[in-house]
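Peer 1: structure of the sequence below:
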Amino acid sequence: MLPEILKLRSTFTQYFEIVPAFSDALKDEVFSIRHQVYCEDLAFEPRRPDKRESDEYDAQSLHMLIRNVRTGEFVGCTRIIRVRPDDPQQLLPFELSCAKTIDRSIIDPAALRRSSIAEISRLAIISPYRRRKGESRKPAPMSDSDFVMISHPRFPFIPVGLYFGTIELARLHGIETLFFLTEPRLASHFKKLGVRIQTIGPAIEHHGLRIPSMMSTSTVINDLKTILRPLYHTIAKEIEAGLTDASSRATSEPAGRVLQAAVTK
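Peer 2: Sure thing, here's the model as predicted:
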């Protein structure tokens, strides 16, 4: 078992690196990837003249990238949408789109401490990394065959790396409950990793059928399969390094105090 555990981590670090996107330059990379995937490849959103896809939620979001360490190319991204601190009653996007369908006997987001919840969205992987059969029409594909064996060569390092990075970044910011709209099969895929995803309502139409779901950051971390823990800890260290770097740069800039507060909040 130990060689398999080490192989999973070493394979990831050989090819990929998680990068929290706190600077304007890194956020620009995020918006560029999103335009490639959501506007050009999938036509989920209209094309923009500047080839950058962004919306009103980006200013209150935590952003993340994954980079190919061999080429230096950023190949995927995601974000965590937080409730605005100056407007804690603001509804997250899923609360608007699923307002009539959330099963509030399972969970009522409105009853939770608003600073402890957030929504994962805009997970995207650029097209050269979505070339397998059936993947081109999905922003961040995974399939059943990826999980035949966790050490299988098809293991989906990019989406799993982004999700693990998201969970750790959320933990560091005091976010306990993460909501998201997901394809129906994602829960079964993540169950094979030891990640428990709970459905909180029936599927809605949102660029295909999407199921409103949730997961607990602490539960995910505690329940991870042994073979995945070194990979998670490696990604957690990359997140911590990104936070430290952002904080260091913030204190050296005129507006550093404001940015540093945002990073450490």
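Peer 1: how far away from the center of its chain is the host helix or strand of Arg249?
Peer 2: Arg249 is part of helix 229-251, with elements assigned from DSSP states H and E. Centre-to-centre, helix 229-251 and its host chain are 15 Å apart (C-alpha atoms, centre = their mean, to the nearest Å).
Peer 1: give the buried residues for it.
Peer 2: Across helix 229-251, burial judged by 16 or more other C-beta atoms under 10 Å covers 230-232, 234-236, 238-239, 242-243, 246-247, 250. To be clear about C-beta, it is placed using only N, CA and C from the backbone, and glycine gets the same treatment.
Peer 1: could you say which helix or strand contains Ile18?
Peer 2: In this structure, Ile18 is located in strand 16-20 according to DSSP H and E.
Peer 1: thinking again about what came up before, quick one: the buried residues of helix 229-251 as TSV, columns for pLDDT and distance to Glu95 too.
Peer 2: Output for the buried residues of helix 229-251, formatted as TSV (pLDDT from 0 to 100; distance: C-beta to C-beta, whole Å):
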residue	pLDDT	distance to Glu95
Pro230	92	36
Leu231	93	32
Tyr232	95	29
Thr234	96	34
Ile235	97	28
Ala236	96	29
Glu238	95	31
Ile239	95	26
Gly242	86	29
Leu243	85	28
Ala246	79	29
Ser247	74	31
Ala250	71	31
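Peer 1: what angle sits between the helix or strand following the strand holding Ile18 and strand 16-20?
Peer 2: Using DSSP H and E, the helix or strand that follows strand 16-20 in sequence is helix 24-34. Put simply, helix 24-34 runs at 120 degrees to strand 16-20, going by axes from the mean of the first three to the mean of the last three C-alpha atoms, to 10 degrees.
Peer 1: what are the contacting residues of helix 24-34?
Peer 2: Residues outside helix 24-34 that contact it (C-beta atoms under 8 Å, 6 or more residues apart in numbering): 19-21, 51-54, 58, 63-65, 74-77, 79, 122, 124, 126.
Peer 1: name the next helix or strand downstream of it, please.
Peer 2: strand 61-68.
Peer 1: give me the average confidence score over that following strand.
Peer 2: Mean pLDDT, computed over strand 61-68, is 97.
Peer 1: list the residues that contact Arg210.
Peer 2: Applying C-beta under 8 Å, 6+ apart, the residues near Arg210 are Leu181, Thr182, Glu183, Ala203, Ile204.
Peer 1: for the stretch 101-250 of the chain, give me the ranges with low pLDDT.
Peer 2: Applying pLDDT under 70 to the stretch 101-250 of the chain flags the ranges 131-154.
Peer 1: again, 80 this time
Peer 2: Scanning the stretch 101-250 of the chain for pLDDT under 80 picks out the ranges 130-155, 184-194, 207, 246-250.
Peer 1: okay, helices next: where are they in it?
Peer 2: Secondary structure of the stretch 101-250 of the chain by DSSP state H, counting those that start in this stretch: the helices cover 157-172, 186-191, 217-223, 229-251.
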